[in-house]
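Asker: Predicted coordinates and the sequence they were generated for:
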Amino acid sequence: MLPTPISARFSQRSPKLGGGITASTAYHRHGRSRARLDVLLTRARVTNLGLILLGSFAALSFLVNLSYYLSSSCAPGVVAFGHPPGSILDTIEREDEVKGLSHLILVPGHGIWKGWNEEEKLDEEKWVLEQYQLGGGRVSAWVKHIETGAELALQDENSLLVFSGGQTRRNSTTTEGESYLRLASQTGMFKPNHRGISDLEPFRRATTENYALDSFQNLLFAIARFHEYTGRYPELITVVGYEMKRKRFTDLHRAALRWPADRFHYIGIDPEKEAPSARNGERQNGYLPYTRDTYGCHDELQQKRRSRNPFFRYHSYYTSSPDLTGLFDWCPGTPEGGPTVLYPGQLPWHKPR
């Protein structure tokens, strides 16, 4: 509080009243309540009452802003970043046919193709591969994944084909998704005899997702990329990948995103010469780790993401799909009940029961 104004103070030399009682004593005995009110209402540069009101307003404002900040940053389902700024939206003009797309066809990436023509698509020398990916017909299976995705996209005019995979290799500046789309285009998978598409004209219903570092992010980021590309979320999802990864996608990743099972399809294609050990490897290094860490954000799976991000890339979907912010950041641990607790917030495709 401000000091009591001089005009409201009693002189130290108060005259004595009868019985030896000073005026000051009488004041304190009989007028204490009135004195306090007088002090509050006495004029000063800022009255004490005014100061209290200003302080109360400031405190209330602080609490309101703090509550908003915490709810935006932490509470599931709350939009933290708002809508994309006008400087971004001004660069985007979607055609009507793009706005109406509703079927996401996802092809997750596994390697990076560095070839340029039809003859090089199956040549392992034209792929950036890990040591364990050499031989066994893996490259052939990846090409079939790409071909199948392209065929599905051509069959369904309401679909958007998304090749997903980030810049995961130190010895390549290309992303997995970009190399897959380039392979599809360079090898004529989008045929010119389909709906007037020429070899020189890009297929408008195919795009890339360039940030995913694992299978969970392949699915989540492909949904976000679909929204970024079309302005809406898909109604149907089809994934084209390894058959041995079917359960990982259908039972774990789909469930982690709470995507409806009746609107999710999986097409599995394994290498023809794949060794039996590959299925065991998928179970031990892929499926089982996700049963213990649903969102892949702890220990072993998190370390895999770090090792696959040598160029320190991060996605743009906080801006283009802000209503997925809570899901992007959801990483349950012991305080929330364990690393398998499903994200509880509202989702664009979630239908309340």
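Answerer: Cool, got the structure.

Asker: List the buried residues for stretch 115-125?
Answerer: Neighbour-count burial for stretch 115-125 flags 115, 120-121 (criterion: 16 or more other CB atoms under 10 Å). Glycine gets a C-beta too; all of them are placed from N, C-alpha and C.

Asker: so what's Ile267 up against?
Answerer: 148, 152, 238-241 (CB atoms under 8 Å, 6 or more residues apart in numbering).

Asker: Confirm it sits in a helix?
Answerer: No - Ile267: not assigned to a helix; according to DSSP: H, G, I helix; E, B strand; the rest coil it is strand.

Asker: In terms of pLDDT, where does it sit?
Answerer: Looking at Ile267, its pLDDT reads 98.

Asker: re earlier: now render the buried residues of stretch 115-125 as CSV, adding secondary structure and distance to Glu130.
Answerer: Formatted as CSV, those follow (DSSP: H, G, I helix; E, B strand; the rest coil; distance: CB to CB, whole Å):
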residue, secondary structure, distance to Glu130
Gly115, coil, 18
Glu120, helix, 19
Lys121, coil, 19
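
Asker: Tell me the one among those nearest to Phe226.
Answerer: Comparing these against Phe226 with CB to CB places Lys121 closest, at 26.1 Å.

Asker: gap between that closest one and Leu134?
Answerer: The gap separating Lys121 from Leu134 is 16 Å, by CB to CB, to the nearest Å.

Asker: cool, and Ser172?
Answerer: In this view, Ser172 and Leu134 are 16 Å apart by CB to CB.

Asker: ok, those two, which is more surrounded?
Answerer: More neighbours surround Ser172 than the other of Ser172 and Leu134, with 18 against 11 (other CB atoms under 10 Å).

Asker: secondary structure element for that one?
Answerer: In the assignment (DSSP states H and E), Ser172 maps to no helix and no strand.

Asker: count of neighbours near the nearest residue to Gly177 once chain neighbours are set aside?
Answerer: Using CB to CB, 6 or more residues apart in numbering and skipping residues adjacent in sequence, the residue nearest Gly177 is Thr208, 3.6 Å away. For Thr208, the count of nearby residues is 22 (other CB under 10 Å).

Asker: now Thr208, which residues is it bridged with?
Answerer: As for beta bridges, Thr208 partners with Phe163 under DSSP bridges.

Asker: Look up how far Gln303 lies from it.
Answerer: 25 Å.

Asker: Kindly report the same for Lys121.
Answerer: Lys121 is 32 Å from Gln303, by CB to CB.

Asker: Give me the number of neighbouring residues for Leu347.
Answerer: Residues lying near Leu347 (other CB under 10 Å) number 19.

Asker: and what of Met189?
Answerer: By other CB under 10 Å, neighbour count at Met189 equals 22.

Asker: so it makes contact with Thr148?
Answerer: No - judged on CB atoms under 8 Å, Met189 makes no contact with Thr148 at a distance of 9.8 Å.

Asker: which residues in the stretch 201-350 of the chain form helices?
Answerer: Ranges of helices within the stretch 201-350 of the chain are 215-230, 246-247, 254-256, 276-282, 288-292, 299-307, 317-320, 325-329, based on DSSP state H, counting those that start in this stretch.

Asker: What's opposite the spatially closest residue to Thr174 that is not a sequence neighbour in the beta bridge?
Answerer: Excluding its sequence neighbours, the residue lying closest to Thr174 (CB to CB, 6+ apart) is Ile112, at 5.4 Å. For Ile112, the beta-bridge partners under DSSP bridges are Val128.

Asker: isn't Ile112 right up against Ser179?
Answerer: Yes - Ile112 is in contact with Ser179 according to CB under 8 Å; the separation is 4.6 Å.

Asker: just for this structure, where's the confidence low?
Answerer: The model of the chain has pLDDT under 70 over residues 1-51, 64-82, 192-201, 275, 334-336, 351-353.

Asker: okay, now the domains of it?
Answerer: The domain map for the chain lists 15-74, 97-336, with the assignment taken from automatic domain parsing.

Asker: I'd like those laid out as CSV, including distance to Pro84.
Answerer: Converted to CSV, the domains of the chain look like this (distance: least, CB to CB, whole Å):
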stretch, distance to Pro84
domain 15-74, 16
domain 97-336, 5
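
Asker: most tightly surrounded among those domains?
Answerer: domain 97-336 (a mean of 18; mean count of other CB atoms under 10 Å).

Asker: centre of the chain versus it, how much separation?
Answerer: 16 Å (CA atoms, centre = their mean, to the nearest Å).

Asker: before we move on, what about stretch 341-349?
Answerer: When C-alpha coordinates are averaged (CA atoms, centre = their mean), stretch 341-349 and its chain have centres 12 Å apart.

Asker: who's in contact with the residue lying closest to His265 once chain neighbours are set aside?
Answerer: Counting by CB to CB, 6+ apart, the nearest residue to His265 once its immediate chain neighbours are dropped is Thr238, at 4.5 Å. Going by CB under 8 Å, 6+ apart, Thr238 touches 103-106, 152, 159, 265-267.

Asker: And the residues you listed, which two are furthest apart?
Answerer: Ser159 and Tyr266 (15.4 Å).

Asker: how much space between the most centrally placed residue in the chain and Gly165?
Answerer: The centroid of the chain falls nearest to Phe328 when counting by CA atoms, centre = their mean (3.0 Å). According to CB to CB, Phe328 stands 18 Å off from Gly165.
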